[in-house]
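Enquirer: any chance you can model this:
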Amino acid sequence: MAKTTWRLEAPKPFLERPPAVSGLLAPARFMQLLSLVLFVAAAVLPFISASPYLISILTSAMIYVVLAMGLNVVVGYAGLLDLGFIAFMAVGAYTSGILTTTLGWSMLETIPVVVIACILAGLVIGGPTLRLRSDYLAIVTLGFGEIIRITANNLQITGGPSGIHGIPTWSFFGWSFADGLDIGGIHFGSKILFYYFVLFVGIGLAVVAVSRLGKGKLGRAWKSVRDDEDVSEAMGINGYKTKLMAYIIGAVWGGFAGTLLAAHLSAISPNSFEFLYSALVLMAVVLGGMGSTPGVILGALFVSLAPEFLREFSEWRYLLFGVLLVIAMIFRPKGIWPANAVLPFLKKRQIPQVPPTEAVGVVGELDDDAEEGRR
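Expert: Numbers count the residues shown, from 1 in each chain. Have a look, this model is predicted:
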């Protein structure tokens, strides 16, 4: 008796799938080109105008970009509402400030200690609190942020209310940014060299690392916990460990931004780490688009530079700044550049309607006995 073999044969579609956008109009290629243009423009800017005021505010803005990229891991990827993120910036700034002024270390030598201190701070703060959710987590992180600031205000090693002064700039194997650099007859001063250091090392490293983390296995776990923690745990994801990992990585980026801030200002005090700055960084992430790398960059630049551009309005500048924020959130409630943003030129792409296909057919061969039974 012959054996019958059955197989399913899917019908062929009536229309072919429209080809993907290629060339410069491809979303990934377009974003890479746009990022490259903006990066080159930022690198060329000191050759156009190298005024100390402009370089100073741009350096501060880029440091806030690094800080916002760290908070984007916590809030944008993992969905943890943190109102005291500036505390990690304080840990990094005070750790590097104490080691450089007291022990005579260079900024480069303090980086491993800053990373360890931020990891410990993330474990101490995040360990007992990340089992909480939503508003309760926000209140607890706000309290820890104030605890760090008040502790720094009352310790002698941190300088108390006066803080730490005379923090040196970055140096590498005996050469310091303060020495300047001459290339091709062009003199680069200390502020210009530090500006380029923050641009190439700080921004470049932060953007590449955070973007890669968001697209990897850990990033997908963060987004799963953010969307629905109960469902993600049912699928085998440990929600507590996943959130703690996001909190620690965000803390490390916050500490690195703190070392950059300490070297930029050469002096830090508890007033530099008030709750207002945590709110501004959180505002940058929400305003730009949670979970969106280009959106967070735009949000951080807007929050840090808008008050400076409005300085000519004197006491009205903060009122105008608030009005601009309200307008931005009204017209862009999901952020200036949300994570699921569709580029304008893709909306013009015509996708033909595919008519319904035929039912799935069954293809096989019957033996003689089965054929006679059907008859």
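Enquirer: next, the buried residues of the lengthiest helix in the chain.
Expert: For the chain, the helix with the greatest residue count under DSSP state H is helix 239-265. By neighbour count on 16 or more other Cβ atoms under 10 Å, the buried set for helix 239-265 is 239, 242-265. Just so you know, the C-beta spots here come from the backbone N, C-alpha and C atoms, and that holds for glycine as well.
Enquirer: same question for it, mean pLDDT?
Expert: The average pLDDT for helix 239-265 rounds to 90.
Enquirer: just how off-centre is it within its chain?
Expert: Here helix 239-265 is found 11 Å from its chain centre; the criterion is Cα atoms, centre = their mean, to the nearest Å.
Enquirer: count the residues that sit near the residue lying closest to residue 50 once chain neighbours are set aside.
Expert: Leaving aside its sequence neighbours, residue 50 sits nearest to residue 192 (Cβ to Cβ, 6 or more residues apart in numbering; 6.3 Å). As a burial measure, residue 192 scores 20 neighbours (other Cβ atoms under 10 Å).
Enquirer: where's residue 192, which helix or strand?
Expert: Here residue 192, judged by DSSP states H and E, is contained in helix 190-197.
Enquirer: give me the helices and strands touching that helix, please.
Expert: If you count contacts as 3 or more Cβ pairs under 8 Å, 6 or more residues apart in numbering; DSSP states H and E, helix 190-197 packs onto helix 27-48, helix 52-71.
Enquirer: so which of those gets nearest residue 99?
Expert: For residue 99, the closest of those is helix 52-71, at 19.2 Å, according to Cβ to Cβ.
Enquirer: who does that closest one touch, helix- and strand-wise?
Expert: Here helix 52-71 touches helix 27-48, helix 190-197, helix 204-215, helix 239-265, helix 275-288, helix 293-309, going by 3+ Cβ pairs under 8 Å, 6+ apart.
Enquirer: please name the nearest non-neighbouring residue to residue 138.
Expert: Closest residue to residue 138 apart from its sequence neighbours, by Cβ to Cβ, 6+ apart: residue 81 at 4.3 Å.
Enquirer: now do the SS call for the nearest residue to residue 83 once chain neighbours are set aside.
Expert: Sequence neighbours aside, residue 142 is the residue nearest to residue 83 in space, at 4.0 Å (criterion: Cβ to Cβ, 6+ apart). Under DSSP: H, G, I helix; E, B strand; the rest coil, the three-state class of residue 142 is helix.
Enquirer: so where is the protein shaky, pLDDT-wise?
Expert: Where the chain drops to pLDDT under 70, the residues are 1-6, 8, 10-28, 341-375.
Enquirer: same thing but 50
Expert: Within the chain, the segments meeting pLDDT under 50 span 360, 366, 370-371.
Enquirer: and the residue nearest the centre of it?
Expert: The centroid of the chain falls nearest to residue 69 when counting by Cα atoms, centre = their mean (2.2 Å).
Enquirer: show me the contacts for residue 256.
Expert: Contacts for residue 256 were tallied using Cβ atoms under 8 Å, 6 or more residues apart in numbering; they are 66, 70, 92, 111, 114, 115, 202.
Enquirer: now rank the residues you listed by neighbours and give me the top one.
Expert: Counting by other Cβ under 10 Å, top hit in these: residue 92 with 30 neighbours.
Enquirer: helices or strands up against the host helix or strand of that residue?
Expert: Secondary structure from DSSP H and E places residue 92 in helix 86-102. Applying 3+ Cβ pairs under 8 Å, 6+ apart, one finds that helix 86-102 makes contact with helix 107-129, helix 134-154, strand 164-165, helix 239-265, strand 267-268, helix 275-288.
Enquirer: just send these back as JSON lines, with distance to residue 41 too.
Expert: What follows is the helices and strands packed on helix 86-102, written out as JSON lines (distance: least, Cβ to Cβ, whole Å):
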{"stretch": "helix 107-129", "distance to residue 41": "27"}
{"stretch": "helix 134-154", "distance to residue 41": "35"}
{"stretch": "strand 164-165", "distance to residue 41": "35"}
{"stretch": "helix 239-265", "distance to residue 41": "21"}
{"stretch": "strand 267-268", "distance to residue 41": "30"}
{"stretch": "helix 275-288", "distance to residue 41": "19"}
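Enquirer: related to what we said a few turns ago, and the residue nearest to residue 138, how far from residue 243?
Expert: Noted for residue 81: a distance of 12 Å to residue 243, by Cβ to Cβ, to the nearest Å.
Enquirer: tell me how many other residues surround residue 176.
Expert: 15.
Enquirer: for residue 322, what are its contacts?
Expert: With contact set as Cβ under 8 Å, 6+ apart, residue 322 has no partners.
Enquirer: roughly how far apart are residue 69 and residue 264?
Expert: Using Cβ to Cβ, residue 69 is found at 17 Å from residue 264.
Enquirer: the contacts of residue 256 into TSV, with extra columns for distance to residue 216?
Expert: Listed next are these as TSV, based on distance: Cβ to Cβ, whole Å:
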residue	distance to residue 216
66	20
70	17
92	25
111	24
114	24
115	20
202	22
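Enquirer: ends of stretch 162-169, how far apart?
Expert: End-to-end distance for stretch 162-169: 20 Å, by Cα to Cα, to the nearest Å.
Enquirer: mind listing what's buried along that stretch?
Expert: Buried residues in stretch 162-169 (16+ other Cβ under 10 Å): 163, 164, 167, 168, 169.
Enquirer: show me the contacts for the closest residue to residue 262 other than its chain neighbours.
Expert: Of all residues not flanking residue 262 in the chain, residue 93 sits nearest, at 4.2 Å (Cβ to Cβ, 6+ apart). Contacts for residue 93 were tallied using Cβ under 8 Å, 6+ apart; they are 258, 259, 261, 262, 268, 272, 273.
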